[in-house]
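>>> the following block contains a protein sequence and its predicted model.
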Amino acid sequence: MDIASLSTALSMSKLSNDIGTLMLRKQLDNAEVMGESMIKIMEQSVTPHLGGNIDISV
């Protein structure tokens, strides 16, 4: 294998790794945003005044 083809192969490998890393970083950012929005939705769905009083007639 000559130097030029080895250099090209290494460069393409590095580019592939860089793209993979960027894609993973984007997926992690998206997961973080989704988690934060899920927490906000869950906090808004909680109604703390419900269940505090029970009316019982015997």
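The structure has been received and is ready for your questions. Numbering: from 1, shown residues only.
>>> tell me where this protein is predicted with low confidence.
When residues are selected by pLDDT under 70, those of the chain lie in 1, 51.
>>> quick one: the helices in it?
Secondary structure of the chain, counting by DSSP state H: helices at 3-45.
>>> for it, which residue is closest to the average position?
Here the mean C-alpha position of the chain is nearest to the C-alpha of residue 31 (CA atoms, centre = their mean), at a distance of 1.3 Å.
>>> distance of that one relative to residue 39?
In this structure, residue 31 lies at 13 Å from residue 39, with CB to CB, to the nearest Å as the measure. In this view, the C-beta of every residue, glycine as well, is placed from N, C-alpha and C.
>>> ok, now residue 55?
With the distance defined as CB to CB, residue 55 ends up 33 Å from residue 39.
>>> which one of those two has more residues nearby?
residue 39 (10 against 4; other CB atoms under 10 Å).
>>> need the contact list for residue 52.
Taking CB atoms under 8 Å, 6 or more residues apart in numbering as the contact definition, residue 52 lies against nothing.
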